Structures are given as structure tokens and as C-alpha cells.
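Visitor: Sequence and predicted model, in that order:
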Amino acid sequence: MALIQDELKITKLKDLLNINMELPSYQRPYSWSVMSSNTLFIDTYEAFKDGIIEYRLGSVILHKEYSGKYNIVDGQQRLTTLSILLFCLGDDKQRLLKVKYSELSNDSIITNFVVLSKRISELTKEERKKYKDYLLNQCTMVQIVTDSEQEAFQFFDSQNSRGKELAPHDLLKSYHLREMNHEDEKQKVEIINSWENMNQADLDDLFKNYLYPLTQWYKGKEGLGYSSSKIDSFKGIKGVNIYNYAIYHKASNLYVERFNADGSNELLASKFLNQFQLTQPIVAGKRFFNYTLHYGKLLEQIQKQINRFHDCEQVPSKRSGDIYILRLYECSLLFFVDRFGLESLTRSVMQQLYSWSYSLRVAMNSVYPQTINKYAKGQHERANYGIDMFATISEMDDPEGLKLLVLTKPEIDDNNKEKYKAVYELLCEWNGW
């Protein structure tokens with residue numbers, strides 16, 4: 001199974017769109033912004049007006065199944081947008097617009113249809129006809145076809161690593177999909193659909209501002225600069241790995257899965273085991289997708305708990321530094337709950353972790369990501385120097401151990417006492433300052 005040489009070619013858009021293309025279940029929702037769609041219109045229309053003989057629209061990577069169906073591995077966003085544009089020009093036979101899209105995709109398709117329709121309405125009837133003909137016959141794409149899904153993803157990774165950098169979570173998706181070759185198809189579809197229905201910006205935020213820093217800070221490492229070059233932290237243990245540590249973790253993950261799935265025993269059915277720990281390695285494949293969904297939901301629960309526990313003045317968010325401090329607070333709660341469970345998130349725990357997080361806010365006039373990174377490792381001289389909070393939590397055997405941490409009052413100038421009055425008063429009340 002490999003690249004199909006006969007189908008590797010530069011092809012007209014007309015011929016490409018006539019292929020029996022499908023959107024596989026693992027594809028992310030259609031999400032091109034109106035700005036991107038408008039740019040595509042402007043670029044192709046200007047090429048048409050300038051009389052450019054051939055206008056290249058990039059490449060498309062397809063996986064050809066034995067049935068003759070072509071799954072789109074890369075190029076879905078552009079192809080869907082081009083189909084919308086052609087529909088606006090009167091071509092209502094576009095195959096890609098007849099496939100089943102998710103609700104998120106449908107909303108984006110409708111929005112871009114409205115915008116592109118307005119642009120097309122600016123053209124004369126004759127211009128529309130000639131522009132449509134130009135799109136179909138003089139706009140081309142590089143067509144790459146393989147009969148191996150795994151090889152298609154390899155092309156996908158290499159194509160994007162040489163061009164515009166792909167989002168790290170998209171690279172992780174393709175990596176872990178390759179580890180799911182032997183999974184049940186129905187289960188695979190359910191897992192990927194759940195992943196793809198997550199807001200992509202939220203996914204980026206989850207890894208960049210929570211999961212990556214947390215998996216580094218407790219080890220005393222840098223939690224900044226998450227990018228495609230640092231996704232190894234989330235690649236996990238591959239199925240073919242047979243070293244002792246790998247077998248141990250794969251076996252323990254399998255045990256937890258079976259424990260939670262076993263409804264025949266009343267004791268088992270009454271207790272649901274937490275499947276993941278931020279201080280433990282991921283098992284590659286479906287476990288990665290479940291891991292992501294798990295921490296996305298857990299973070300939502302933490303954020304709701306903060307909203308119930310504090311009023312808005314106690315968790316300010318007007319300045320960028322305020323946002324960084326709030327994320328630090330969320331990270332500390334997430335890490336604590338990951339180790340001990342939501343039921344252990346008592347009032348005293350909330351007070352202690354709030355006091356630790358917001359001591360930095362009242363101590364500093366300006367807070368940057370580097371400030372947070374230094375403080376998280378217990379290395380900031382302006383507040384609680386020497387308290388490596390995440391390493392400390394990772395070594396606790398009992399949640400009560402958090403109460404034994406003694407926080408010191410930082411030096412606070414009068415400006416911050418007034419600017420963050422609600423925060424300062426709360427810290428004084430809880431800590432006897």
C-alpha cells in the first residue's frame with residue numbers, strides 16, 4: 001500500500017470536484033472564517049481579472065478506499081469553501097455540499113455563503129459566468145492519492161511541517177489516529193466525533209495554557225512556549241512498545257477501562273475510577289482522545305466552581321496580567337483535583353490555592369507569562385519563594401497536606417492595595433495579614 005502514481009497530478013478544480021470525495025468521520029468541522037473565505041475570493045478573482053493562465057490553489061491529500069471512495073485527509077477547508085463559492089455562482093451540483101456536516105460546520109457554511117453571495121452580487125452576469133469558468137478550468141490543485149490511510153496522514157504531516165505550521169493538537173490528532181488502526185470502527189467514529197465537536201480554539205487553549213504547563217511544572221521544568229515542536233509530551237506510549245514501564249502503564253490503563261465498564265458487580269458499579277493522572281504517561285491512540293475530553297470537562301467544572309465560590313471582583317480579568325493569574329489559579333485547582341478528586345476541593349483548599357495564586361497579583365504591578373512560569377516553580381523572589389506548588393501537590397499522600405503550607409505576606413505597594421482592593425481584603429481576611 002502506497003502512493004498511487006497514476007493519480008499523482010496537477011488537476012483542474014472541475015475534475016477534482018467530480019471525484020467521489022467524502023469527509024471521513026475524523027475530519028475536524030468546517031471552520032474557515034469569513035476573512036479567509038473573502039481572501040480566497042479576492043485572490044482567485046484578481047487572478048481571473050489579470051488573465052493568469054493557471055492559478056494554483058495548493059494541494060489536496062486523499063485516501064482511496066477499495067470501494068473507489070476518496071476520503072479527504074487534507075484540503076477539506078479549501079475544497080468546501082470553493083464549493084460554496086461555485087454554489088454562489090449558480091453551480092448547485094457540488095458533491096461536497098451534499099455530504100452530512102456537523103452542526104458547527106453547517107453554521108460556518110451558512111455564514112460564508114452569505115458573505116460570498118454578497119461578493120458575487122457585485123459582479124455582472126457576464127463576469128459571473130466567466131469567473132466561474134475560470135475557477136473550474138484554470139484553477140488547479142496538486143492531487144496526492146494513497147491507498148493507505150496511514151501513509152495519507154504521513155503526507156499530511158510532512159506537507160504541513162514544510163508550509164504554514166499546523167496547530168499542535170491537529171498534529172497530535174493525526175499521530176494518535178495512526179495508533180487506532182486496530183480499534184473498533186464504531187468506537188473510533190464516536191471518539192473522533194467527540195473530539196472534533198470541541199471548539200478548536202478551546203483545544204488549543206487547553207493544551208497551551210493548562211495541560212502542557214502542568215505536565216512540566218510539577219517536574220520543575222519550563223511550562224512556556226508550547227508549539228508543534230513540543231508535542232512529544234502528549235504522544236504517549238505506543239502500542240508496539242514492550243519495555244517494562246510501557247507494559248505496566250498499558251496494563252494499568254486497560255484495568256481501569258475494564259473496571260469502569262464492569263456493571264456486573266455492585267461494588268464496581270458504585271465506584272467510578274478516574275482514568276487519568278497528569279503525572280502519568282498517556283497511552284497512544286484512543287486513550288489520548290479520551291484524555292483530552294476528560295481534562296476539557298474537568299477544567300469546565302473547575303471554572304464553574306470558581307464562579308460559584310468568588311464574585312467577579314475577587315477574580316479580576318481586566319488586564320492581561322489578571323488573566324495569567326486566573327489561569328494559574330485554575331491550574332492549581334485542576335492539578336489538585338486531578339490528584340485527589342472534586343470531592344476534596346473544600347473551602348479551605350480553595351482559600352489556600354487562591355491565596356497562593358493571588359499573592360503574586362498583589363505583589364506585582366505587571367505580570368507576564370514568564371512571571372507565572374517562575375512563580376509556578378517556586379523561584380519568584382517577590383512572593384512565596386521556595387514553594388514549588390505543583391511538585392508539592394504531586395508528592396502529597398493526603399489532601400490535608402495542603403494546609404501545612406505556610407504562605408508569607410508579600411510586600412504590597414499602596415497602589416495595588418487600592419487597584420485590587422477586593423483581592424487584598426480577602427487575602428488579609430483568610431491569612432490574618
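Guide: Arrived safely, thanks for sending. Because the structure is predicted, anything quoted here is derived from the model rather than measured.
Visitor: what ranges do the strands span in this protein?
Guide: Remark: strands assigned in the chain by DSSP state E are 9-12, 21-22, 55-64, 70-74, 139-146.
Visitor: Give me whichever of those is most buried.
Guide: Ranked by mean neighbour count, the strands of the chain are led by strand 70-74 with a mean of 22 (mean count of other CB atoms under 10 Å). Just so you know, the C-beta spots here come from the backbone N, C-alpha and C atoms, and that holds for glycine as well.
Visitor: Partner strands of it, with direction?
Guide: Paired strands of strand 70-74, with direction, are strand 21-22 (parallel), strand 55-64 (antiparallel) (DSSP bridges).
Visitor: I'd like the ones you listed written out as a markdown table, with mean pLDDT and distance to residue 275 added.
Guide: Compiled in a markdown table, the strands paired with strand 70-74 are given as follows (pLDDT from 0 to 100; distance: least, CB to CB, whole Å):
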| stretch | mean pLDDT | distance to residue 275 |
| --- | --- | --- |
| strand 21-22 | 86 | 32 |
| strand 55-64 | 86 | 31 |
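Visitor: Of those strands, which is nearest residue 170?
Guide: Each of the strands paired with strand 70-74 has some distance to residue 170 by CB to CB; the shortest is strand 55-64, at 13.4 Å.
Visitor: Quick check, residue 111 in contact with residue 34.
Guide: Yes: with contact defined as CB atoms under 8 Å, residue 111 counts as touching residue 34 (6.1 Å).
Visitor: still on that earlier bit, who wins for proximity to residue 432 among the strands of the chain?
Guide: strand 70-74 (59.2 Å).
Visitor: how big is the angle separating that closest one from strand 139-146?
Guide: Counting by axes from the mean of the first three to the mean of the last three CA atoms, to 10 degrees, strand 70-74 lies at 110 degrees to strand 139-146.
Visitor: what sits against the residue of the chain most remote from its centre?
Guide: Going by CA atoms, centre = their mean, the residue of the chain most distant from its centre is residue 126, 44.3 Å out. Listed by CB atoms under 8 Å, 6 or more residues apart in numbering, the contact set of residue 126 is empty.
Visitor: what's the distance between it and residue 291?
Guide: Residue 126 is 56 Å from residue 291, where distance means CB to CB, to the nearest Å.
Visitor: What of residue 406?
Guide: Distance of residue 406 to residue 291, given as CB to CB: 35 Å.
Visitor: If you count surrounding residues, which of these two has more?
Guide: Each of residue 406 and residue 291 has its neighbours counted (other CB atoms under 10 Å); residue 291 has more, 19 against 8.
Visitor: Between the strands paired with strand 70-74, which one is closest to residue 255.
Guide: Of all the strands paired with strand 70-74, strand 55-64 sits nearest to residue 255, with 34.5 Å by CB to CB.
Visitor: Under the pLDDT cut-off, which ranges of this structure? List them.
Guide: Scanning the chain with the threshold set as pLDDT under 70 gives 1-3, 25-27, 148-166, 181, 185, 261-273.
Visitor: excluding its backbone neighbours, what's nearest the spatially most central residue of it?
Guide: For the chain, the residue lying nearest the average C-alpha position, counting by CA atoms, centre = their mean, turns out to be residue 203 (2.3 Å). Spatial nearest neighbour of residue 203, chain neighbours left out: residue 169 (4.8 Å); criterion: CB to CB, 6 or more residues apart in numbering.
Visitor: what's the answer for residue 407, then?
Guide: Taking CB to CB, 6+ apart, and ignoring the residues beside it in sequence, residue 407 has residue 355 as its nearest neighbour in space, at 5.4 Å.
Visitor: cool, and residue 134?
Guide: residue 48 (4.3 Å).
Visitor: Residue 420 is nearest to which of the strands of the chain?
Guide: Between residue 420 and the strands of the chain, the shortest gap by CB to CB is with strand 70-74, which sits at 47.6 Å.
Visitor: mind listing what the residue nearest to residue 134 touches?
Guide: So residue 48 contacts 55, 130, 131, 134, 135, 138 (CB under 8 Å, 6+ apart).
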